[in-house]
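Peer 1: Sequence plus the predicted model coming up.
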Amino acid sequence: MHESEAPPVSDAPPPSPVAEPAPATVPPAVTSGVGTPVVLLHAFPLDGRMWAPQVEALAGSYQVIVPDLRGFGAAREQAVEEAGMDLLADDVARLLDDRGLDRVVLGGLSMGGYVAFAFVRRHADRLGGLLLLDTKASADSEQARADRLRMAERVLAEGTGFVPETMLPRLLGKTSLEERPELVEQVTALVREQDPLAVAGAQRGMAARPDATDVLAAIAVPTLVVAGEEDAVIGPEVGRELAVAIPGARFLLVERAGHLASLERPEVVNEALLDFLAPIWV
Ligand code: MLT
């Protein structure tokens with residue numbers, strides 16, 4: 001009779017659990033109009049509804065596609081612990097696959113722009129043009145990263161009630177804050193509606209994003225950079241530098257507008273978008 005052998009004893013720590021990869025999903029998106037496809041990626045912590053003035057202006061001539069990114073708006077069920085920019089860019093690519101679109105004009109405001117830079121790195125062949133609004137290519141400072149992670153923890157503990165108060169003074173420009181109470185109310189409501197999981201996931205994803213300055217010189221499609229003169233989050237001079245770093249990029253400074261320039265001065269931004277898009281055919 002054999003004595004049963006005791007399993008070998010190991011001093012090694014048990015393997016740490018491997019995080020489940022985020023499921024590959026297609027983001028929910030609203031499509032309006034027909035023509036050259038233009039995909040618009042929203043800012044943080046908002047959703048696709050922030051593009052309503054652009055949808056109205058462009059849908060007569062373009063197929064305007066406005067997704068909600070992981071966890072935001074109609075994508076509530078798709079929230080993940082860390083919504084990295086690469087993951088979000090791949091979501092956009094899956095959306096294009098789903099719609100049978102090889103190439104599009106891609107636009108993003110702020111966080112949407114960070115996603116656009118990841119898209120440039122990973123799916124450049126699918127770009128026919130680029131719109132970069134109130135965004136930057138650099139990564140966060142250590143302090144900014146720590147602030148994001150702190151907000152992620154707080155929003156999960158407390159919900160989004162405190163978020164508008166923290167963010168509104170920076171999301172809207174001085175002029176809008178002073179003169180546009182209805183816009184302040186609209187943006188406050190949009191922020192308050194977002195799911196804490198979405199806010200936390202996006203903050204962690206943005207905190208982890210790499211510097212994208214290295215992709216700028218290789219951007220080979222028509223590009224328009226837009227900056228709000230009163231943008232307290234990014235700063236208009238950053239937009240100007242971004243346009244200088246991208247070969248042939250155009251630059252528009254929107255006066256009397258802050259970080260959400262497309263919502264604050266839609267008439268100015270829409271005119272520039274229509275002018276920019278006119279010669280582009282994808
Ligand atoms: C945004 O508008 O998307 C955010 O302000 C971006 C950021 O927090 O860096």
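Peer 2: Sure thing, it's come through. Since this is a predicted model, take the numbers as computed values, not measurements.
Peer 1: Ala74: what's its closest spatial neighbour, skipping adjacent residues?
Peer 2: The shortest distance from Ala74 to any residue other than its chain neighbours is 4.1 Å, reached at Pro28 (C-beta to C-beta, 6 or more residues apart in numbering). Backbone N, C-alpha and C define where each C-beta goes, glycine included.
Peer 1: List the contacts of that neighbour.
Peer 2: Pro67, Asp68, Gly73, Ala74, Ala75 (C-beta atoms under 8 Å, 6 or more residues apart in numbering).
Peer 1: Let's have those residues in CSV, adding distance to Phe251, pLDDT and secondary structure.
Peer 2: As requested, the contacts of Pro28 are exported to CSV (distance: C-beta to C-beta, whole Å; pLDDT from 0 to 100; DSSP: H, G, I helix; E, B strand; the rest coil):
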residue, distance to Phe251, pLDDT, secondary structure
Pro67, 26, 98, strand
Asp68, 29, 98, coil
Gly73, 30, 98, helix
Ala74, 33, 98, helix
Ala75, 31, 98, helix
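Peer 1: Could you check the pLDDT of Val269?
Peer 2: Residue-level confidence at Val269 comes out at 98, pLDDT.
Peer 1: The particular helix or strand that has Pro169 in it - contacts with which helices or strands?
Peer 2: The secondary structure element spanning Pro169 is helix 163-171 (assigned by DSSP states H and E). Under the contact criterion of 3 or more C-beta pairs under 8 Å, 6 or more residues apart in numbering; DSSP states H and E, the helices and strands touching helix 163-171 comprise helix 142-158, helix 181-192.
Peer 1: Recalculate using a threshold of 10 Å.
Peer 2: Applying 3 or more C-beta pairs under 10 Å, 6 or more residues apart in numbering; DSSP states H and E, one finds that helix 163-171 makes contact with helix 142-158, helix 174-179, helix 181-192, helix 196-207.
Peer 1: per-residue confidence at the closest residue to Ser61 other than its chain neighbours?
Peer 2: What sits nearest to Ser61 in space, not counting adjacent residues and going by C-beta to C-beta, 6+ apart, is Gly35, at 5.4 Å. Per-residue confidence for Gly35 comes out at a pLDDT of 97.
Peer 1: Pop out the phi and psi values for Gly35.
Peer 2: phi 130, psi -160 (degrees, to the nearest 10).
Peer 1: Around the ligand, which positions in the chain sit nearby?
Peer 2: Contact residues of the chain with respect to the ligand, defined by C-beta under 6 Å from any ligand atom, are listed as Ala43, Phe44, Ser110, Met111, Met206, Val233, His259.
Peer 1: Can you get me a residue count around the fourth one?
Peer 2: In other words, Met111. Taking other C-beta atoms under 10 Å as the criterion, the count of residues near Met111 is 25.
Peer 1: what pLDDT does it get?
Peer 2: pLDDT at Met111 comes out at 98.
Peer 1: Excluding chain neighbours, give the residue nearest to it in space.
Peer 2: Counting by C-beta to C-beta, 6+ apart, Met111 lies nearest to Phe44, which is 4.0 Å off, once chain neighbours are set aside.
Peer 1: Please, which helix or strand holds the one you found?
Peer 2: Secondary structure assigned from DSSP H and E places Phe44 in neither a helix nor a strand.
Peer 1: hang on, it packs against Met85?
Peer 2: No - with the criterion set as C-beta atoms under 10 Å, Phe44 and Met85 do not qualify as a contacting pair; they are 11.4 Å apart.
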